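Student: The following comprises the amino acid sequence and a computationally predicted model.
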Amino acid sequence: MWLILQGARACRAVATGARLNHAGRPLRRTMASSSLPPGTVAKALTWQEIKHHIESSHVELLGRTAEDLNKYREWKAQILTEWQSVDEFVLHRVFEYPPISGPTGKKIAHVPEDKAPRVVFRPNDFPYTAEAGVQHHVLWVHFCELTDTLVQDVIAKQCSHFEEVTWFRNPPHLRSIPSVDHAHILVQACPPQ
């Protein structure tokens, strides 16, 4: 569990390099926190837990089971045997930029010179662990700004048939694909049983 520090404690946390939430507030772990590694959850999160973590700016509490996190890490390691970075692979996979040989001999995405804005809404290949009925999508953008208005427009067009929708952008220290701007959109496909 994360607590927001305020006042003098917050200044000390910033001075010591403490991690910040997406609102720029210092965070610290409490003694009640789990012994699970960061990014790991013990069980599928309920829709209410997901909404609470997002609305309270505690997206670091979203995660995957240890098994799913290991699969994700193995996938990343495999990608890095062929690609210069995971970011380059994402540019290729999401925006369908063709692969070319980069300066290191590994693949990079051949980004078109036209720099036309691109917006892609798709299921997350490695979704956070959630109860049945919750789906995790990602809104990827390239050559355009990822604004709240853009996210809301995509949600209105793509998610209107879902029961509920919530979304967030990871704070910089939690971004696994830092150079490709994206938002996480979670939807409840049906009411909880």
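Tutor: Sure thing, it's come through. Numbering: from 1, shown residues only.
Student: Where is the longest strand in this protein?
Tutor: Counting residues, the longest strand found in the chain (DSSP state E) is strand 134-142.
Student: what mean pLDDT would you report for the helix or strand that that strand is followed by?
Tutor: Scanning forward in sequence from strand 134-142 by DSSP states H and E, the next helix or strand is helix 148-158. For helix 148-158, mean pLDDT is 97.
Student: again with stretch 107-124
Tutor: 96.
Student: Would you mind listing the outside residues contacting the longest strand of the chain?
Tutor: Contacts with strand 134-142, where a contact means C-beta atoms under 8 Å, 6 or more residues apart in numbering, come from 45, 47, 50, 90-91, 94-95, 111, 117-124, 127-128, 130, 146, 150-151, 154, 158-159, 162, 167, 180-189. Any C-beta I mention is one placed from the backbone N, CA and C, and that applies to glycine too.
Student: One more pass at 6 Å, please.
Tutor: Strand 134-142 is contacted from outside by 47, 94-95, 118-121, 123-124, 127-128, 154, 181-183, 185-189, using C-beta atoms under 6 Å, 6 or more residues apart in numbering.
Student: Likewise for stretch 98-108?
Tutor: 82-84, 88, 92, 110.
Student: Find me the pLDDT at Gly24, would you?
Tutor: On the pLDDT scale, Gly24 is placed at 45.
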